[in-house]
Every structure is written in C-alpha cells, then in structure tokens.
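Asks: Need a 3D model of the following:
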Amino acid sequence: MKIVQTSWACNQKNMLTFDAGWYSPEYHLMAWTLSCLQLKKYYRNVELRADSVTANMFIDILKLPYTEVVCDLDQFNHNSPQLWALPKIYTYSQQTVPFLHVDGDVFIWKSLDKLSGDLIAQNLEWGTSRYEKSFNDLESKLVYSSIAITEEKVKGGKIFAYNAGILGGNDLSFFDNYTRMARELVARNSEVLSKISIPAFNVYFEQYLFYCLVAKEHKKVNVLLDEIIPDDKYIGFGEFLEVPHNKQYLHLIGPPYKKNLRMCQQLANTLRQEYPEYYYRIIALFKSRNIPLKKDDYYFINNPTEKLLADRYFDLRNSNLPPSQTLLDEYIADETNIASPSFRIVENLLAVINQSNLKSSSDRDYSGIIAAAKSFEQQVFDIVKTKFSRYPVTLLYKRDIYYIKNFQLLFGDRINGYNKPILSDGMVEIVESPFDFSLFDGENIDFIKASTLLNEEPSTNYIGVIPECDQNGYTLMKIDELNKYLLDMMINQININDLMINVKPAFDQDDLNDSLPEFEHLITGRIKSMLEFKLIKAAVQ
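Replies: Residues are numbered from 1 along each chain as shown. Next up is the predicted model:
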C-alpha cells in the first residue's frame, strides 16, 4: 500500500519562525523529520505532497529521504492559514492506487501492513460536550451542509468521527465522493469562514464528514485502535520513552501534546538518539541563522556547526566514561557552564495574584507567600551559581545522552531490567519550601493550576533542582511524599525488585495484596518520572 504525507506551510514563508501549533518551530521540524524517517524504516516508498516552502525545507535543506515529492500545494496559498485540512483533502483526492495517508505528527515503530481494507482510519472517536458545543456553534453559522451530515444529524444521539492520524484504503471511489463533498462544503461556506472557528471546521469537514458518509453508505472501516476514544481523552499518545518496548504508535494530537514542552523534549531526544545526523542538522540550522531555541543545550558552544555537534555527540556516546559526578576531572572543562538563568517565579506569582484579584474582590494578604517565593528563588539562584556552574557542560550533556538508554535498559526487558541497580543523582539539589513554587517556574505556566496555590496553607514541600546544560542552567520538579521516600532509598544503589520489596511496608497490606499489579504500576511510574526529570539514573550504563 502506498504511504503518503501532506505538508502545507500555511502561507508562511519561513519555517524557522513558524511553529505550526507546536511549542516552538524546531519541534515542528523535528516532528516531521522523525515521522518521515520512521516511515522510511518500514516502507521503501513514502511520498510527500507539499508546497514550495515546505519542499525547500524538507528536501533541499533537511534532505528528508522521501522517494517522491509532488509540489502542488501552492494553489492553497490564497486560503486562510488555519484551513490546514483542505490540502489533506486534496491529497486524498489525487490518489490512484490504494494508499495510507499518515500525518506528520504520527510516529510508528512497527509496520502498518496488517491494517488493510476498503477504508482505514486510526480510530473511531465520540464527541464529548466539547465537540457538541463547537459543532452546534459551527452549524448555526454555516450556510451549507452536506447531505451525509444532515442525514446523520437527523438520527440524533452522540457525535462520532474517525481520527485521521492515518486515513486511507482501497476504495478509491469512496474517496472521490468524500473529497468532492468536503471541497464543496468548504467552497460553499467560504463567505462565512471569518465568522466561524476554522480549527473546528477542519475537524468537521475532514473527520466528521468521513464518519457521516461511512454511515450513509454502510461502509466498514478497519481501525488501528479498537477502542472508541472520547475526543478529549487521547491519553498516552506522546510517551516516547515507552517505545519501542511498550508502544509502537504515537500521535501528538493537538495543543495538549504539541504545546507541551515535556512531550516536545521527548520527541527531540528520540530524534537525537535514533537519527543524530538529522537532529544536529536542525539544531545547526537554527544556530546558523541566530534563531533562538526554546531549550538551547548548545548555548555554551562556539560556532556549533552540524559537523561539530555531531562529532561531539558521537565522541561522548562512544566514550567509555559514564556520566558520573565522581569523574568530573576526566571531562574537558573548556565548555564553561556559566548559565544566565531567567528567574520568573516571583514575577509569575505576582501575575497570578493580580489575575486572581481581578476576578474577585478579595483583600487577602499575600505578603507571606511573596516573601517565601523570593527566598526560594534566591536559593535556586545560589545553587545554580555556586554549585551547578562547576559542572562542565560536557558532563551534563553526556548525562542527557544516556537519558533514553536508561529507560530501555530498565524497562525494555522487565526480567533483566528490574535487576539493574538505580540510584539518586548526586548532582541534584533538593530544596524544602512552604509552597510548591515549581508551578511558577518558566515562561508558560498553568495559571489555573498555579492559582490554586494561593488558597493553600504553608506546608512542607520538596522541590528538586536539576542542573541543565542549556541557557537557563536548571529545571525544577516537585517531589511528593512517595517520591521523597523512594529517593531516600536510592541514595545507595538498589534494583527495582528490591526497591518494591522495601517500600511495601509503607502501604496497607490488605489493600496491597488485592492490587499488586496496580502497586507495581505506581512504583515503576514514579521511577520513570524521576528518570525523565533526571533525579535518578541507572547505576550501570
């Protein structure tokens, strides 16, 4: 079956400054790169439909190995840049042989060849109140609707749609009819596009219309995922740390994934491990154009060319020296880690307080929490300047290279992995604070979640301060009571099996005996989280 992807630059001329809904532009390019390369790992022929801007970036600059490139999407440049699903509809309409279209935010670690049939989709989803509200608002303003949609609406009941992360099949006549109806739906509503939510309209004429026409013609759709998923419950679709041992298919759907820095960093780290040449090509491209990276692990490196970065990576990866604090003297210290952290904890706290005051007439005194925030920020500042500045960037970067290897070592093979020793990382500092000020760190905080802290009484909070080799020099992680208990057990080396045995007395034994699988899932989940945030590490690399 033919594999095809569609990428339209949405009328943007510079993809280095276009985030396409991602946390920042570099992750957009990294996503497309990883998606393409993973498809090429399992399929010899992968076609790209693109506009000239995208084709120049993907083919001429990044040199992505598509076997065929059809550059015919400039015809959509007169449309709204938000109308991103329309070029996909066009791609579907141009297929003359059985095909499978794969979105650029889909990543596979297993062939999709077992998925076949007249019609194929990722999964069936049902619409929650979110879909109902957005579709009702949409339909109140549309001047035309497809008969397939009209007939489905008459039935009443829940809203269903097919997720188009992957979409295709053998029934080309169905796709001819479907794409004709979709294009007509867009064209005949062109005058009201300025009055509607175009992102919702994309879902409406691509995924919802597909379902309605399937229902009208009584077609069968073979899906990759059997579960019918609520539109707001796509959970676990971005866990790169679980591939390939636990997951073989990921789809970073919408802002909850694409705007999540943690998910984007997992994506970047996976690309670096699997395809370092392409990863450093992207990094060097941004550095050469002086376009800032959101997380710049190469901030301290002079003239970071693609070759220099790749050679440095391979030297560190292939070195026999593990990333251990005890071997500081063995590392080259010419990359001095003098971070320039941008502390925004107090600033963000004040912003949350101001926003809270605007919503209510409360005259509560916040001087105590503000003073505590200033004290906490000063503690972190002192740690970064007096301790973390002593760690060569090379040491921290090599630790990060081992980051994904730790997961594969411990969880790729449960029997052997659970017998491997782990321990807390001695470079991490733990600060005690009366409030969880990690909620206020960074430039994109969750105002709703952070505002809940304003109503809390002071309590004991442990916050991990982790050294980083980027321009900020640190990250923060809240350490709850269970994680603190586990960390104390990992001061000395201990394997996962023994750790679970040692922690069992802290739980109610009757409850524990009735839920051992849930207990294991809880403890291993905490280990994975602390590995990801670099609070702990595998003792044997």
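Asks: For I89, give me its contacts.
Replies: Contacts of I89 were listed using Cβ atoms under 8 Å, 6 or more residues apart in numbering, and they are T179, A182, R183, V186, F205, E206. The way it works is simple: take the backbone N, C-alpha and C, and place the C-beta from them, glycine included.
Asks: Can you tell me which of these is closest to M1?
Replies: T179 (18.2 Å; Cβ to Cβ).
Asks: Within the helices and strands, which one has that closest one?
Replies: Taking DSSP states H and E as the definition, T179 sits inside helix 172-187.
Asks: How far does stretch 414-434 stretch from one end to the other?
Replies: 38 Å (Cα to Cα, to the nearest Å).
Asks: average pLDDT for it?
Replies: When pLDDT is averaged along stretch 414-434, the result is 96.
Asks: gap between it and the chain center?
Replies: Relative to the mean C-alpha coordinate of its chain, stretch 414-434 is positioned 24 Å out (Cα atoms, centre = their mean, to the nearest Å).
Asks: in that stretch, what counts as buried?
Replies: Buried residues in stretch 414-434, defined by neighbour count with 16 or more other Cβ atoms under 10 Å: 417-418, 420-425, 427-429, 431, 433-434.
Asks: Over to stretch 14-25?
Replies: Those buried within stretch 14-25 under the rule 16+ other Cβ under 10 Å are M15, L16, F18, D19, A20, G21, W22, Y23, S24, P25.
Asks: Could you do stretch 116-130 as well?
Replies: For stretch 116-130, burial by neighbour count (16+ other Cβ under 10 Å) applies to L119, I120, A121, Q122, N123, L124, E125, W126, G127.
Asks: Could you pick out which of these are located in helices?
Replies: The members of the buried residues of stretch 116-130 all map outside helices under DSSP state H.
Asks: Now for those: which two are most distant?
Replies: Of all pairs drawn from these, the widest gap by Cβ to Cβ lies between I120 and G127 and measures 21.1 Å.
Asks: how near is K258 to L172?
Replies: Shown here: K258 relative to L172, a distance of 31 Å by Cβ to Cβ, to the nearest Å.
Asks: more crowded one of these two?
Replies: Residue environment comparison for K258 versus L172 gives the larger neighbour count to K258, 21 against 17, counting by other Cβ atoms under 10 Å.
Asks: so S451 touches S356, yeah?
Replies: Yes: if you go by Cβ atoms under 8 Å, S451 and S356 touch, sitting 5.5 Å apart.
Asks: Quick one: the contacts of I89 as TSV, columns for distance to A164 too.
Replies: As requested, those are exported to TSV (distance: Cβ to Cβ, whole Å):
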residue	distance to A164
T179	12
A182	11
R183	16
V186	16
F205	11
E206	6
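Asks: so which of those residues comes closest to S80?
Replies: Nearest to S80 among the contacts of I89: V186, at 10.3 Å, using Cβ to Cβ.
Asks: List buried residues within the contacts of I89.
Replies: Listed as buried from the contacts of I89 are T179, A182, V186, F205, E206; burial here means 16+ other Cβ under 10 Å.
Asks: Please give me every residue in contact with the first one.
Replies: Listed by Cβ under 8 Å, 6+ apart, the contact set of T179 reads I89, Y90, Y92, S93.
Asks: In the protein, where's the longest strand?
Replies: The longest strand of the chain (DSSP state E) is strand 159-169.
Asks: got the angle for that one vs helix 172-187?
Replies: With axes from the mean of the first three to the mean of the last three Cα atoms, to 10 degrees as the criterion, the two stretches strand 159-169 and helix 172-187 enclose an angle of 130 degrees.
Asks: please begin residue numbering at 821 from this point
Replies: Renumbered: residue one is now 821, and that last one reads strand 979-989.
Asks: Buried ones in strand 979-989, by neighbour count?
Replies: When burial is assessed from 16+ other Cβ under 10 Å, strand 979-989 yields the following buried residues: I979, F980, A981, Y982, N983, A984, G985, I986, L987, G988, G989.
Asks: Can you tell me which of those residues is nearest D923?
Replies: In terms of Cβ to Cβ, no member of the buried residues of strand 979-989 lies closer to D923 than G985, at 5.1 Å.
Asks: from memory that closest one sits against F927, does it?
Replies: No: contact status for G985 versus F927: not in contact, 10.1 Å apart, counting by Cβ under 8 Å.
Asks: which neighbours do the two share?
Replies: Counting by Cβ under 8 Å, 6+ apart, the residues touching both G985 and F927 are H1071.
Asks: First-to-last residue distance for stretch 1288-1296?
Replies: Between the opening and closing residues of stretch 1288-1296 there is a gap of 10 Å (Cα to Cα).
Asks: For my notes, confirm Y843 occurs in a helix.
Replies: No: Y843: not assigned to a helix; according to DSSP: H, G, I helix; E, B strand; the rest coil it is coil.
Asks: which stretches of the stretch 1221-1361 of the chain form strands?
Replies: 1241-1244, 1249-1253, 1281-1287, 1294-1299, 1314-1315, 1356-1358 (DSSP state E, counting those that start in this stretch).
Asks: Which stretch among the ones you listed approaches E972 most closely?
Replies: Between E972 and those, the shortest separation by Cβ to Cβ is 45.8 Å, and it involves strand 1294-1299.
Asks: What residues of that closest one count as buried?
Replies: Using 16+ other Cβ under 10 Å, the residues of strand 1294-1299 that count as buried are Y1294, T1295, L1296, M1297, I1299.
Asks: Now list whatever residues contact both of S1271 and S1176.
Replies: Common neighbours of S1271 and S1176, using Cβ under 8 Å, 6+ apart, do not exist here.
Asks: which one is Y1028 nearest to, not counting chain neighbours?
Replies: Leaving out its chain neighbours, the residue that sits closest to Y1028 by Cβ to Cβ, 6 or more residues apart in numbering is A981, at 4.5 Å.
Asks: from what I can see that neighbour touches E945, true?
Replies: Yes: contact criterion Cβ under 8 Å: A981 and E945 qualify, at 5.5 Å.
Asks: what touches both of the two?
Replies: Common neighbours of A981 and E945, counting by Cβ under 8 Å, 6+ apart, are Q1027, D1051.
Asks: what about the residue nearest the centre of the chain, which helix or strand?
Replies: Among the residues of the chain, M1083 comes closest to the average C-alpha position under Cα atoms, centre = their mean, at 2.7 Å. With secondary structure defined by DSSP H and E, M1083 is part of helix 1081-1094.
Asks: tell me the mean pLDDT over that helix?
Replies: In this model, helix 1081-1094 has an average pLDDT of 96.
Asks: counting contacts, what elements does it pack onto?
Replies: Contact here means 3 or more Cβ pairs under 8 Å, 6 or more residues apart in numbering; DSSP states H and E; on that basis helix 1081-1094 packs against helix 845-862, helix 1096-1108, helix 1213-1231.
Asks: hmm, who's touching it?
Replies: Here helix 1081-1094 makes contact (Cβ under 8 Å, 6+ apart) with 842-844, 846-847, 850-851, 853-854, 857-858, 1058-1061, 1063, 1072, 1077-1078, 1098-1100, 1114-1115, 1133, 1220-1221, 1223-1225, 1262, 1264, 1352.
Asks: With stretch 880-887 instead?
Replies: Outside stretch 880-887, the residues that touch it by Cβ under 8 Å, 6+ apart are 825, 849, 852-853, 856-857, 860, 864-868, 878-879, 1098, 1101-1102, 1105.
Asks: Filter those down to the buried ones, ChimeraX style.
Replies: Applied in ChimeraX, the following selects the buried portion of the contacts of stretch 880-887 according to 16+ other Cβ under 10 Å:
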select :825,849,852,853,856,857,860,866,867,868,878,879,1098,1101,1102,1105
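Asks: If anything else comes up later, I'll come back, but that's it for now.
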